[in-house]
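> Quick check, what structure comes out for this input:
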Amino acid sequence: MPLNIPNALTWARIAMIPLFVGVFYLPDAWVSPAQKNLFGTAVFVLAAVTDWFDGYLARVLRQTSAFGAFLDPVADKLMVAAALILLVQLARVDAIIAVIIIGREITISALREWMARVGESASVAVAYIGKLKTAAQMTAIPLLLYNAPLSSIDLRFVGSILIYVAAALTLWSMGYYLRRAMPRLARHMDR
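Numbers count the residues shown, from 1 in each chain. So this is what the prediction gives:
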């Protein structure tokens, strides 16, 4: 396992997950609900920034590695799953939305792993629809975590709309990847 700056940032992102979740379990006498929301949002946004930054540094410093390529999406999925489960517990996201998004991530990750094993990984490479899904999801989650108006903008309402958009894009992108993989899956299932 190569330890370099991008991989260290990815490990830091994974280490942020217990901190992110833990703040919401602190007693209200120690930290107010508004402070929990603010701190949780800040940690989530910091994790999202390190996600972009570690990829940028890996390219610029030429420190890409197979391990980093594996660990980075795992860190992303763990943080998003933790946030969605937490938002369900806080009654800010419907459980079905979390199941759709987390289920898709597991399905497509497994599909990509299997397709890579049979030499067909290019057929399930990241597509534009997947990037749109990620953008909607990564905008919605901090808005729902913050859970308070900003000036006259109801961020929870905007976040709720965006998380439904993200869920719809999640289903659409899953269908896209599965359709792309089906001919290759069919070829390899007969072996």
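> hey, where'd the strands end up in the protein?
In the chain, the strands defined using DSSP state E lie at 149-150, 153-154.
> For residue 177, find the nearest of those strands.
Closest approach to residue 177 among the strands of the chain (Cβ to Cβ): strand 153-154, 33.8 Å. C-beta here means a position set from N, CA and C on the backbone, and glycine is covered the same way.
> can you map out the helices along the chain?
For the chain, helices defined by DSSP state H occupy the ranges 5-23, 33-60, 66-89, 95-117, 128-146, 155-189.
> Just say which of the ones you listed is most tucked in.
helix 128-146 (a mean of 20; mean count of other Cβ atoms under 10 Å).
> And the pLDDT for residue 88?
pLDDT for residue 88: 98.
> go on, residue 96?
For residue 96, pLDDT reads 97.
> sorry, back to before: switch the strands of the chain over to TSV; also include mean neighbour count and mean pLDDT.
Formatted as TSV, the strands of the chain follow (neighbours: other Cβ atoms under 10 Å; pLDDT from 0 to 100):
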stretch	mean neighbour count	mean pLDDT
strand 149-150	10	88
strand 153-154	11	92
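> any chance of these in CSV, plus distance to residue 162?
Shown next, in CSV, are the strands of the chain (distance: least, Cβ to Cβ, whole Å):
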stretch, distance to residue 162
strand 149-150, 15
strand 153-154, 12
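> Tell me which of those strands lies nearest to residue 107.
When those are compared by Cβ to Cβ, strand 153-154 sits nearest residue 107, at 33.0 Å.
> what's the closest residue to residue 7 other than its chain neighbours in contact with, if anything?
In this structure, residue 7 finds its nearest non-sequential neighbour in residue 68, 5.1 Å apart by Cβ to Cβ, 6 or more residues apart in numbering. By Cβ atoms under 8 Å, 6 or more residues apart in numbering, residue 68 lies in contact with 2, 4, 6, 7, 10, 54, 58.
> ok, the nearest residue to the last one once chain neighbours are set aside to residue 50 distance?
In this case it means residue 58. Counting by Cβ to Cβ, 6+ apart, residue 6 is the residue found nearest to residue 58 once chain neighbours are left out, at 3.9 Å. Using Cβ to Cβ, to the nearest Å, residue 6 is found at 10 Å from residue 50.
> likewise residue 165?
25 Å.
> same question, residue 148
Going from residue 148 to residue 50 by Cβ to Cβ gives 24 Å.
> Using the record's assignment, carve the protein into domains.
1-91, 93-191 (automatic domain parsing).
> from the chain's centre, how far out does the longest one sit?
When distances are taken as Cα atoms, centre = their mean, to the nearest Å, domain 93-191 is centred 9 Å away from the chain's centroid.
> can you offset everything so residue one is 18?
With the count now opening at 18, the last piece we talked about shows up as domain 110-208.
> Tell me where the model's unsure across the protein.
Counting by pLDDT under 70, the low-confidence segments of the chain come to 18-19, 137-143, 205-208.
> Tell me who's in contact with the spatially closest residue to residue 81 that is not a sequence neighbour.
Once flanking residues are discounted, residue 81 sits nearest to residue 75: 4.7 Å by Cβ to Cβ, 6+ apart. Residues near residue 75 by Cβ under 8 Å, 6+ apart: 21, 23, 81, 82, 85.
> Noted, bye for now.
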